[in-house]
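# just need the structure, nothing else, for what follows:
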Amino acid sequence: MNLPFCSIIIILFISLFIIQKEGATIRIYTVTGDLVQTLQHDGFTTGMVPWDLRSKDNLEVAPGLYLFHVDAPGVGESVGRFALIK
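Residues are numbered from 1 along each chain as shown. A predicted model of the protein is given here:
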């Protein structure tokens, strides 16, 4: 189920996930299902979760298609895809 609480903004090398629920976890995957990065909403960024476009191994991610999964406790889950263009 896709819930309307998650949006993605990608501008050049800056990426922000707009989350309206504190404590949400965002997981970013390649299209083959490999985990790229896990982001946590800390409640201090007024709903925005910045991503520096680096992987969990601190490598710069490649342009391409990615999948995301947002799990917000008490709200639900949302999945989707986005293209990263550099």
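
# just the strands in this structure please.
All strands of the chain, identified by DSSP state E, fall at 6-11, 14-19, 25-30, 35-40, 48-51, 64-72, 76-84.

# could you name the helices and strands sitting against the fourth one?
Using 3 or more C-beta pairs under 8 Å, 6 or more residues apart in numbering; DSSP states H and E as the contact criterion, the secondary-structure elements in contact with strand 35-40 are strand 25-30, strand 48-51. Where C-beta positions appear, they are placed from N, C-alpha and C, glycine not excepted.

# right, and those - which one's nearest Y66?
Of all these, strand 25-30 sits nearest to Y66, with 5.6 Å by C-beta to C-beta.

# mind listing what's buried along the closest one?
Neighbour-count burial for strand 25-30 flags T25, I26, I28, Y29 (criterion: 16 or more other C-beta atoms under 10 Å).

# ok, now how distant is the residue nearest to the second one when sequence neighbours are not counted from W51?
If I follow you right, that is I26. Leaving out its chain neighbours, the residue that sits closest to I26 by C-beta to C-beta, 6 or more residues apart in numbering is L39, at 4.2 Å. The gap separating L39 from W51 is 6 Å, by C-beta to C-beta, to the nearest Å.
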